[in-house]
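> how does the following fold in three dimensions:
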Amino acid sequence: MTPAQLLRDAFERVRDTALTTVDGLSEEQLAHRPTPDANPIGWLVWHLTRVQDDHVAGVADLEQVWVSRGHLDRFGLGLDPRDIGYGHSREEVAGVRAPADRLADYLREVTEQTLAFVDGLCERDLDRVVDPDWEPPVTLGVRLLSVINDDLQHAGQAAYVRGLLAG
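Model prediction:
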């Protein structure tokens, strides 16, 4: 298995887990919070997709799908185009609402762009420094693993909340 194949598999798992989680849910179910400060399914899937879009576009020198393919306008959240949800308040989390099909479309398109990028990577590409401001400097491989780790955690959280909906 090549590094590109491994990365492809990981990003496909993120996509598939999140898509399964939102499938068939109403907007109210996607906005359900088990406790007042818990993140709802819709916000979690939006956020994990925004993180992947932002971080991968940044290292691939691509435009974010959020803006380039019109998702910013379709979601109509009134957020800064660079907002990925990091540090959102309780009220900001509650303001991120969208139907399941819109979340799924955005996730599919981001994953498509991500896979096109990782498919072209070879082992030596993963050692390229993408953020020299850390000690040690962050390489492409580390950044991609960080995105996968963050995304899988949020996808798992969303799946857990969906399970709570079932009772």
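> so what does whichever strand or helix holds Asp101 touch, helix or strand wise?
Taking DSSP states H and E as the criterion, Asp101 maps to helix 100-119. The contact analysis (3 or more Cβ pairs under 8 Å, 6 or more residues apart in numbering; DSSP states H and E) places helix 100-119 against helix 3-22, helix 27-31, helix 41-60, helix 65-68, helix 71-75. All C-beta atoms are positioned from the backbone trio N, CA, C, and that covers glycine.
> run the last query once more with 10 Å
Judged by 3 or more Cβ pairs under 10 Å, 6 or more residues apart in numbering; DSSP states H and E, the packing partners of helix 100-119 are helix 3-22, helix 27-31, helix 41-60, helix 65-68, helix 71-75, helix 140-166.
> orientation of it relative to helix 3-22 in degrees?
170 degrees (axes from the mean of the first three to the mean of the last three Cα atoms, to 10 degrees).
> related to what we said a few turns ago, tell me the most buried of the helices and strands packed on helix 100-119?
Of all those, helix 41-60 has the most neighbours on average by mean count of other Cβ atoms under 10 Å, namely a mean of 24.
> tell me which strands and helices it is in contact with?
By 3+ Cβ pairs under 10 Å, 6+ apart, helix 41-60 packs against helix 3-22, helix 27-31, helix 65-68, helix 71-75, helix 90-95, helix 100-119, strand 129-131, helix 140-166.
> now Leu115: how far from Ala60?
Using Cβ to Cβ, to the nearest Å, we find Leu115 at a distance of 11 Å from Ala60.
> cool, and Leu48?
18 Å.
> then Val129?
15 Å.
> Leu77 too?
24 Å.
> also His154?
21 Å.
> neighbours of Pro40, how many?
22 (other Cβ atoms under 10 Å).
> quick check on it: phi, psi?
Dihedral pair for Pro40: phi -80, psi 160, per degrees, to the nearest 10.
> for Leu62, give me its contacts.
By Cβ atoms under 10 Å, 6 or more residues apart in numbering, the residues touching Leu62 are 53, 56, 68, 113-114, 116-117.
> low-scoring stretches of this structure, by residue?
Along the chain, the model assigns pLDDT under 70 to no residue.
> one more time with 90, if that's ok
166-167 (pLDDT under 90).
> out of the helices and strands packed on helix 100-119, which comes closest to Gly95?
helix 41-60 (9.0 Å; Cβ to Cβ).
> angle of the closest one against helix 3-22?
160 degrees.
> what angle sits between helix 41-60 and helix 140-166?
Using the same axes, to 10 degrees: helix 41-60 against helix 140-166 is 170 degrees.
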